[in-house]
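>>> fold the stuff below for me.
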Amino acid sequence: MGAAPQAPRTRVTARARDLRFDAGSLSLNLVATVGRRPVGPVERMGDAERLAAWCRGVGLTPAPGYEPEALLRSLHALRDAAYDIASSLLDGHRPSPASVELVNGLAACEPPAARLELTAGGVRPAPGSGMLTEDALLSVVARDLIELVADPSRGERLTSCASEVCRMLYLNPPSGRARQWCSMRRCGNNAKAAAHRRRRTATAGG
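Here you go, the predicted model:
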């Protein structure tokens, strides 16, 4: 029996480490903080600075005094569980009971309700409204994943990038043409360039 085919090797560029916010849902944007899962995972959210950037990018505001390292560890654990569960919708594998238990446990925390206050200048969000404790922030992400799994229409739109190097999970738009690539500017252009090189090589060889 021959050796298994080698996965394509690519350089880990600064762009490969960029945070992604185009997966179509909060929980999938968390999953996307690991790139190139099938060929060599690239960590995109590995320190406090990247954590803060991700929170800003998805519109979550941790309450003052949170511990970045503790929140990172918790989000990394939730990320693994979310990938296990979301990818099962595509390939039909049975998610780990530990993944399901973790997501259910985190979702059990009730996130605080947003509040308004009336001032002389009109209505505005109350001070501190929208800020989340670590437990509440994790709950918001876990609940998003549960909503994704519970919504058949969203589940039908879940797909993975056609690039063998990428395989990012994302939601296709609810209307219009389904996307083959996570991003035309990224994997789509890379695939077109690779196809062009193959055609040139074949022409030269002919």
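
>>> where does the protein have low pLDDT?
Across the chain, the ranges flagged by pLDDT under 70 are 1-12, 190-206.

>>> any idea how far the most centrally placed residue in it is from Met168?
Central residue of the chain (C-alpha atoms, centre = their mean): Asn29, 2.5 Å from the mean position. According to C-beta to C-beta, to the nearest Å, Asn29 and Met168 sit 10 Å apart. For the C-beta atoms, the positions are set from N, CA and C on the backbone; glycine is no exception.

>>> same thing with Gly35?
For Gly35 relative to Met168 (C-beta to C-beta), the value is 7 Å.

>>> what touches both of these two?
Arg20 (C-beta atoms under 8 Å, 6 or more residues apart in numbering).

>>> picking that back up, mind checking how far the residue nearest to the centre of the chain is from Val140?
Asn29 is 12 Å from Val140, by C-beta to C-beta.

>>> just His76 next, same as before
16 Å.

>>> check Ala108 too.
In this view, Ala108 and Val140 are 12 Å apart by C-beta to C-beta.

>>> who has more neighbours, these two?
A direct count of neighbours by other C-beta atoms under 10 Å for Ala108 and Val140 places Val140 higher, at 18 against 11.

>>> shouldn't that one be within a strand?
No: under DSSP: H, G, I helix; E, B strand; the rest coil, Val140 sits outside any strand and is assigned helix.
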